[in-house]
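1. here's a sequence, model it:
(chains A, B, C and D)
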Protein chains: 2
Amino acid sequence: MVTIKDIAEMASVSRSTVSRVLNNSGYVSDDARKRVEEVIEKTGYVPSRYAKSLRTKKTKVIGVILPTIQTETPSRVVTGLGKELSKHGYQILLANTNHNKEKELEYLDLLMRQVDGIVLIATNTKPELMQKINEISLPIVLIGQEAEGVMCVTYDDYHVARELTAFLIEKGHKRIGFIGVDESDRAVGYLRKKGFFDEMMAHHLAIEEAWIQKAVFDIDSGYTAMENMIKCCSKRPTAIVAVTDRLAIGAISYLKQQGFNVPKDMAFIGIGASELSQYVDPSLTTVDYKNEKAGEEAARQILARIRSEKYQEKIVLDYRLIIRDSV
Amino acid sequence: MVTIKDIAEMASVSRSTVSRVLNNSGYVSDDARKRVEEVIEKTGYVPSRYAKSLRTKKTKVIGVILPTIQTETPSRVVTGLGKELSKHGYQILLANTNHNKEKELEYLDLLMRQVDGIVLIATNTKPELMQKINEISLPIVLIGQEAEGVMCVTYDDYHVARELTAFLIEKGHKRIGFIGVDESDRAVGYLRKKGFFDEMMAHHLAIEEAWIQKAVFDIDSGYTAMENMIKCCSKRPTAIVAVTDRLAIGAISYLKQQGFNVPKDMAFIGIGASELSQYVDPSLTTVDYKNEKAGEEAARQILARIRSEKYQEKIVLDYRLIIRDSV
DNA sequence: CTGTTAGCGCATTCAA
DNA sequence: TTGAATGCGCTAACAG
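-> Reported below is the predicted structural model:
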């Protein structure tokens, strides 16, 4: 392995000089610079990031903790992060919790010592997690969840849910159901549900208990939720707000199987603008959350913070309603 | 930042002793060990991986280079890699080329100095790439492409394509079309096409030129390919083999839009068992490539190689045909 | 069983 | 404009 020392010897300069041309710092004569550059070129020398990091306390690595990489939201976010970070010479160290919440804490500890910043695509805002984040002196940005005293890039989940609900009401629907997830996920579970309820309330529309179903984050769970709803309710809703596209798609798939017609018998709205949403039948009305942009924005903010530049503590991204055939 | 030196002082031992308990190496008296462990516990000390790596020349990091993280194949592979690697304390450094082939080479150079091994989810086997791989002394494993003298985890693309084609022929189809990709992708472009052709030939079935379309890796491209096919051919095929699910889905979406019936007017088979394939209408017959297992297997082999244990140079994974409504 | 010593590859004083 | 010296945090002989 060729090191800075080898380069120095081959170019007949000291290691300091090599270091100076490497980092474009301090004075180097054109002559010396040229010799060093030639040797570097010839040998294909690449400095050791480990030695450099040890010395400078900067790693040029950002840790990314996410619950899964198999669904589109986190994948898109990571793509956005990667694009922006690589522009500035930063790399991504990936930590996949596979939906295991304890691992979020573990990875936070693990990454702490070896990255310049952490991006957490969060699924909850539990006190243990928030406390750990505050203990860590590293810049950390949360994506998808809002929390006190932490940098966040979020979506306006509450208003999105209200708007979706209002949209259905405007279309003439009065009996509207809801498929959500556990409220420990504040953004997806709590805020979207609250938005739905508040909008219904604002229009004095009643909600049967069976119309509200709780699921987990997968298509099958949407299927089951709809099965429960159909089996339990006295009067069926004419429209459903589902907090994710996948939940909506699972639900629709149950209804189709039972011979219902979507959207005639029941209209659907999802959230996420997954690729799936475009190609299912009927195509799904949904909300584009611009996840890739979220990733880019998070990258920009965390880099600004790392460099002690001005950054925004809270960013709320806009969204776009995509109306398709499911309503 | 608390270092090994601090721990040593607080526990009244030398740094070596701390290092010994940290790494479970050499002899340490129970007494000393206990004191050290207590201090570590109390301070929440975590050793610096950078210092350690600099010293040991091991990083416990595997670089993963992939063309995109937005489609299911690579996502699943990365999930599998992550699961297996994390079991052994290895982390993933992610390099996303966004389908830019030059970046594969760049990242190879970049990662070379800072990881213990590289997993390349490959899209081609171009000589420049293969040469670069051979220049690098690090363990490298290719996923999805076969190449001489390189560790590979691959699928049996050729026989899969033959089997799919045979399946359609058995169903009574005689006019079968094909939507492929550029043959520079040897696995997906060349081998799958060759399998298709060889099987057709074996049954003495003719193929019209317009039945063979070349696309790129996305749904829209499948749509366009089918549009071209329909517009150009004198006699329409009654079935199509598409080299990916997404291509098939794009093609089907064109046909549906034009009022054709799938599978009555045209039957379809894809490859990849994407989640999409299950929920489109009609649900798509496809092949499950078990990508997550590929990731796990690649991780196992590369770790074995890193540890100089016995490893397999070539692994060919099995697959599973999933028959659904599109045929 | 334990401490001393040396050095991994680099950046950064400080003197020259 | 340059080089010598120092140390980042850690492990690995080696001697005790």
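
2. so how far is stretch A:161-169 off the chain centroid?
-> Relative to the chain's own centre, stretch A:161-169 is displaced by 24 Å; criterion: CA atoms, centre = their mean, to the nearest Å.

3. hmm, who's touching it?
-> Applying CB atoms under 8 Å, 6 or more residues apart in numbering or on different chains, the external contacts of stretch A:161-169 come out as A:176, A:191-196, A:198-200, A:203, A:205, A:239, A:241, A:243, A:267, A:269, A:271, A:287, A:321, A:327. No exception for glycine: its C-beta is placed from N, CA and C like everyone else's.

4. these in strands, which ones?
-> Counting by DSSP state E, these place A:176, A:239, A:241, A:267, A:269, A:287, A:321 in strands.

5. how much space between the last one and A:L108?
-> Right, A:L321. 35 Å (CB to CB, to the nearest Å).

6. go on, A:A122?
-> When distance is defined by CB to CB, A:A122 is 11 Å away from A:L108.

7. related to what we said a few turns ago, from the ones in strands among the contacts of stretch A:161-169, pick the one nearest DNA strand C.
-> Taking CB to the nearest atom of the strand as the measure, DNA strand C lies nearest A:V287 of the ones in strands among the contacts of stretch A:161-169, at 45.9 Å.

8. touching, that closest one and A:L321? I think so.
-> Yes. Taking contacts as CB atoms under 8 Å, A:V287 lies within contact range of A:L321: 5.6 Å.

9. and the residue of chain A nearest chain B?
-> Relative to chain B, the nearest point of chain A is A:D281 (3.7 Å; CB to the nearest CB).

10. tally of neighbours for that residue?
-> Using other CB atoms under 10 Å in any protein chain shown, A:D281 has 16 neighbouring residues.

11. same deal with A:D30?
-> A:D30 has 7 nearby residues by other CB under 10 Å.

12. quick one, which of A:V287 and A:L321 is more surrounded?
-> Between A:V287 and A:L321, counted using other CB under 10 Å, the more crowded position is A:V287 (22 against 15).

13. how about that one, nearest residue that isn't a chain neighbour?
-> Nearest non-adjacent residue to A:V287, counting by CB to CB, 6 or more residues apart in numbering or on different chains: A:I271, 4.7 Å away.

14. could I get the contacting residues of the one you found?
-> A:160, A:164, A:192, A:242-245, A:286-287, A:289.

15. widest-spaced pair of the residues you listed?
-> Farthest pair in these (CB to CB) is A:A242 and A:Y289. Separation: 14.3 Å.

16. neighbour count winner among these two?
-> In this comparison of A:A242 against A:Y289, neighbours counted by other CB under 10 Å, the higher total goes to A:A242 at 31 against 24.

17. state the number of residues packed around whichever residue of the stretch 51-200 of chain A sits closest to DNA strand D.
-> Per CB to the nearest atom of the strand, the residue of the stretch 51-200 of chain A with the smallest distance to DNA strand D is A:R55, at 3.7 Å. By other CB under 10 Å, 11 other residues sit near A:R55.

18. what segments of chain A are strands?
-> Taking DSSP E, the strands of chain A run over residues A:61-66, A:91-96, A:117-121, A:140-143, A:151-155, A:176-181, A:212-215, A:239-242, A:267-269, A:286-288, A:314-317, A:320-322.

19. now those as TSV including mean pLDDT and distance to DNA strand C?
-> Listed next are the strands of chain A as TSV, based on pLDDT from 0 to 100; distance: least, CB to the nearest atom of the strand, whole Å:
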stretch	mean pLDDT	distance to DNA strand C
strand A:61-66	98	15
strand A:91-96	98	16
strand A:117-121	98	19
strand A:140-143	98	24
strand A:151-155	97	26
strand A:176-181	98	47
strand A:212-215	98	51
strand A:239-242	98	52
strand A:267-269	98	53
strand A:286-288	98	42
strand A:314-317	97	31
strand A:320-322	97	44
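
20. what residues does the stretch 201-327 of chain A have near chain B?
-> Taking CB under 8 Å from any CB of the partner chain, the part of the stretch 201-327 of chain A that reaches chain B is made up of A:219, A:249, A:253, A:275-276, A:279-281.

21. for the closest residue to A:K193 other than its chain neighbours, what are its contacts?
-> Counting by CB to CB, 6+ apart, the nearest residue to A:K193 once its immediate chain neighbours are dropped is A:G180, at 4.9 Å. A:G180 sits next to A:188-189, A:192-193, A:196, A:212-215, A:243 when contact means CB under 8 Å, 6+ apart.

22. equivalent analysis for A:Y50, please.
-> For A:Y50, the residues meeting the contact criterion (CB under 8 Å, 6+ apart) are B:50, B:53-54, B:59, B:114.

23. again with A:L54
-> Applying CB under 8 Å, 6+ apart, the residues contacting A:L54 are B:48, B:50-51, B:54.
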